[in-house]
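Q: Everything below, folded, please.
(2 chains)
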Amino acid sequence: MSDPSTVEVDQYLPHPPAKVWRALTDSDLLARWLMPNDFAPVPGHRFTFHTDPRPGQDFDGTVHCEVLDLDPPHRLSWAWRGGRLDTVVSWTLVAEGRGTRLFLAHTGFDPDDPVQRRTRDLLGGGWRSHVLTRLNHLLTTP
Amino acid sequence: MSDPAPVEPRPGAGDIFAALANPTRRELLRLLLDQGEQPVQRLADHFAMRRPSLSEHLRVLKDAGLVVEHPVGRQRLYSLRPEPLREVAEWLGPYERFWRGRLAELRDVLAELPDE
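A: As a prediction, the model looks like this:
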């Protein structure tokens, strides 16, 4: 998979899906690993994440979001808009052994964005997703 | 939010990108990553090309600092040296890096969180 409009990341977490779900849907917990927010687990709820502005990228530091889909403890998706982005962040939780595999798909990027295009030109196909994903793991594991 | 300006590779990175531009060399790196250190003979089993051509590819990877070889008895063992690839990993889209970083934080938050 190397759809240029999508960023996909997955992570095994040694905790049951219900606990992972809490960390994804409790506003305070979410703030601890993502950003300060006024999230509520209610379909249609509009909320924001706050971070540092990046004036060079037309980004004022606020990500405008909306809960699009909520199916505890399996699926959660948010609209994610800010700066030049009008995207969707989707989480999928799958029980795996005694833990959870958490899949993230961040979709709706502009494939003609220069950064996206360069990355695609450099490392096409499965090599990027397979090797670099494993490599990233290797590099971040002590 | 980590949404930085496009990251330009630092000087010297060109060697790495040139090394990665070739599918045989990428496959060699994949084999070394998946199967660990191994002699050139075992790597050669995966390719139809002649040994000298394969050795040339390994030399390019070695020059780029991506593989190291060391002799054991009469064999030369090759292994992956992943550090230079950090450069490439950092060159992925900023959002991929952003989310990988956030997921690492999530892992830490969960580790501190009681089960109920």
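Q: elements contacting the longest strand along chain A?
A: The longest strand of chain A (DSSP state E) is strand A:85-96. In terms of contacts (3 or more C-beta pairs under 8 Å, 6 or more residues apart in numbering or on different chains; DSSP states H and E), strand A:85-96 is packed against helix A:17-25, strand A:62-71, strand A:75-82, strand A:99-107. Quick note: C-beta positions are derived from backbone N, CA and C, even for glycine.
Q: okay, the ones you listed in JSON lines with mean pLDDT, distance to chain B and mean neighbour count next?
A: Formatted as JSON lines, those follow (pLDDT from 0 to 100; distance: least, C-beta to the nearest C-beta, whole Å; neighbours: other C-beta atoms under 10 Å in any protein chain shown):
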{"stretch": "helix A:17-25", "mean pLDDT": "95", "distance to chain B": "6", "mean neighbour count": "20"}
{"stretch": "strand A:62-71", "mean pLDDT": "96", "distance to chain B": "7", "mean neighbour count": "17"}
{"stretch": "strand A:75-82", "mean pLDDT": "94", "distance to chain B": "8", "mean neighbour count": "19"}
{"stretch": "strand A:99-107", "mean pLDDT": "91", "distance to chain B": "6", "mean neighbour count": "19"}
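Q: Would you reformat those as CSV and include distance to residue B:35?
A: CSV is the format used below for those (distance: least, C-beta to C-beta, whole Å):
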stretch, distance to residue B:35
helix A:17-25, 32
strand A:62-71, 40
strand A:75-82, 36
strand A:99-107, 24
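Q: circling back to that earlier point, how big is the angle separating the longest strand of chain A from helix A:17-25?
A: 160 degrees (axes from the mean of the first three to the mean of the last three C-alpha atoms, to 10 degrees).
Q: Parallel or antiparallel, list what pairs with strand A:85-96.
A: strand A:75-82 (antiparallel), strand A:99-107 (antiparallel) (DSSP bridges).
Q: Name the residues that touch the longest one?
A: If I follow you right, that is strand A:99-107. By C-beta atoms under 8 Å, 6 or more residues apart in numbering or on different chains, the list of residues contacting strand A:99-107 from outside reads A:5-17, A:19-20, A:80, A:87-94, B:95, B:99, B:103, B:106.
Q: coming back round to it: to residue B:23, which of the strands paired with strand A:85-96 lies closest?
A: Taking C-beta to C-beta, strand A:99-107 is the member of these nearest to residue B:23, at 27.3 Å.
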